[in-house]
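Q: Got a predicted structure plus its sequence, pasted below:
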Amino acid sequence: MASSILRRFIPRKTTWMYGQRMMSSTIDVSVDEQTGIALMKMKRKPVNSLNLEFLQDIRNTIVTLEQNKKCKGLILTSDVPKIFSAGIDILEMYQPNEERLHNFWRALQDMWLQLYMTPLATIAAINGHSPAGGCLISISCDYRIMAPNYTIGLNETLLGIVAPFWFKDAMCNTVGYRETEIALALGKLYSTDEALQKGLVDEVVTSEQIMEAAQRKMLEYVKIPNMARAMSKQLMRQETADKLCSTQDSDVQNFVNFCLQDKVQQSLGFYLEQLKKRKSK
Ligand SMILES: CCCCCCCCC/C=C/C(=O)SCCNC(=O)CCNC(=O)[C@H](O)C(C)(C)COP(=O)(O)OP(=O)(O)OC[C@H]1O[C@@H](n2cnc3c(N)ncnc32)[C@H](O)[C@@H]1OP(=O)(O)O
């Protein structure tokens, strides 16, 4: 497989493998060696928000699965009822420690590059809400199946922040330029039905049927000769990934500078307050 995909260093190991099962405090993974399909369940309570360690865990898991010669496909889903992922852990950006903020953004970049470019076939079984970073994870998979009555989208502007260019690129590659332009400006969270209509997800099935549907679709993917499938994915995605690979350091610095602005801190504080108020209603 392309050296540009594989050359990145292997991160700190926090995910443990027991036979066909891998466990960490935030992820549960099992591999069916007969079908070559791995199932990864995110379980960082209460909302699978993406903090530094969780991002490293997700990336570690993908790297470990890539090294397992029997594994060809990965289904990503959530073990938290009604929430796929609430996106970035806002507490990583609010009143941050500057060094951790650097490391956090780097971990998000690295997780994204690993997931977006993995030679494994990937399917997101979106069994709950999937805003912002949750949407990024979903659109980085090869195929998306979503359960009804949830929301998905890049809602960053509602928090007074901006989706970085590589979120935007992944979204453009999924729903096109004009739809992305509208979605980003309005911080649009699509209902499941709207997401299907716009091509943000590929299939809608009930929550009860979602794992079966994901397995069925994955069997289609893993039947295709592995190298040809992985290379066609690379053909579609390498240019987008390279844009970030060539600017990773400046992207971290832009993010840190952006987050540390008083206005941004105020917006994040206000948004967190709103989340709490909504809860107490
Ligand atoms: C130049 C370039 C520049 C670059 C500039 C920077 C670019 C940054 C890109 C950002 C990407 C992102 O992902 S930003 C994150 C966007 N995410 C969101 O907007 C999701 C916000 N959350 C929600 O909408 C909801 O919580 C939802 C997920 C639907 C679940 O609703 P529920 O009613 O089930 O649960 P809640 O009661 O709301 O939440 C349970 C608890 O989890 C907390 N919580 C919820 N979401 C959270 C989150 N993302 N981070 C932290 N904590 C969160 C709540 O405050 C509660 O905390 P307690 O009260 O303590 O229990």
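A: Nice, thanks for sending it over. If you're wondering where the values come from, they're calculated on a predicted model, not measured in any experiment.

Q: Quick one: residues contacting Pro81.
A: Neighbour list for Pro81: Gly128 [criterion: Cβ atoms under 8 Å, 6 or more residues apart in numbering]. C-beta coordinates here come from the backbone N, C-alpha and C atoms, glycine included.

Q: Ok, the one 3 residues further on next?
A: Applying Cβ under 8 Å, 6+ apart, one finds that Phe84 lies in contact with 42, 48, 77-78, 124, 126-130, 134, 137-138, 150, 152.

Q: Could I get the average pLDDT for stretch 147-162?
A: Across stretch 147-162, the average pLDDT comes to 97.

Q: Among the contacts of Phe84, which ones lie close to the ligand?
A: Applying Cβ under 6 Å from any ligand atom to these, one finds that His129 fall near the ligand.

Q: Of the contacts of Phe84, which belong to strands?
A: Met42, Thr77, Ser78, Ala124, Ile126, Gly128, His129, Ser130, Ile152 (DSSP state E).

Q: Up against the ligand, what does the protein have?
A: 46-47, 49, 83, 86-91, 129, 131-133, 155-156, 159, 161-164, 254-255, 258, 275-276, 279.

Q: List buried residues within those.
A: 47, 49, 83, 86-90, 129, 131-133, 155-156, 159, 161, 163-164, 255 (16 or more other Cβ atoms under 10 Å).

Q: out of those residues, which are inside strands?
A: Checked against DSSP E, those include these in strands: Ile83, His129, Pro131.

Q: Let's have those in CSV, adding distance to Leu115.
A: Formatted as CSV, these follow (distance: Cβ to Cβ, whole Å):
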residue, distance to Leu115
Ile83, 19
His129, 19
Pro131, 17
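
Q: Please tell me I have it right and Val47 contacts Ala86.
A: Yes: using Cβ atoms under 8 Å as the test, Val47 is close enough to Ala86 to be in contact (3.8 Å).

Q: How far away from the center of its chain is the helix or strand Arg237 falls within?
A: Taking DSSP states H and E as the criterion, Arg237 maps to helix 226-245. In this view, helix 226-245 has its centroid 17 Å away from the chain centroid, taken as Cα atoms, centre = their mean, to the nearest Å.

Q: Counting neighbours, which bits of that helix end up buried?
A: Neighbour counts over helix 226-245 (16+ other Cβ under 10 Å) mark Asn226, Arg229, Ala230, Lys233, Gln234, Arg237, Gln238, Thr240, Ala241, Leu244 as buried.

Q: Check stretch 186-202 too.
A: So for stretch 186-202, counting by 16+ other Cβ under 10 Å, buried means Gly187, Lys188, Leu189, Tyr190, Thr192, Ala195, Leu196, Lys198, Leu200, Val201, Asp202.

Q: who touches the spatially most central residue of the chain in this structure?
A: For the chain, the residue nearest the mean C-alpha position is Ile137 (1.6 Å; Cα atoms, centre = their mean). Shown in contact with Ile137 (Cβ under 8 Å, 6+ apart): Ile58, Leu76, Phe84, Ser85, Leu115, Ala124, Ser130.

Q: Let me know the closest of those to Ser250.
A: Leu115 (21.8 Å; Cβ to Cβ).

Q: what number of residues lie near the closest one?
A: Residues lying near Leu115 (other Cβ atoms under 10 Å) number 21.

Q: Assumed it was part of a helix.
A: Yes: with DSSP: H, G, I helix; E, B strand; the rest coil as the criterion, Leu115 is part of a helix.
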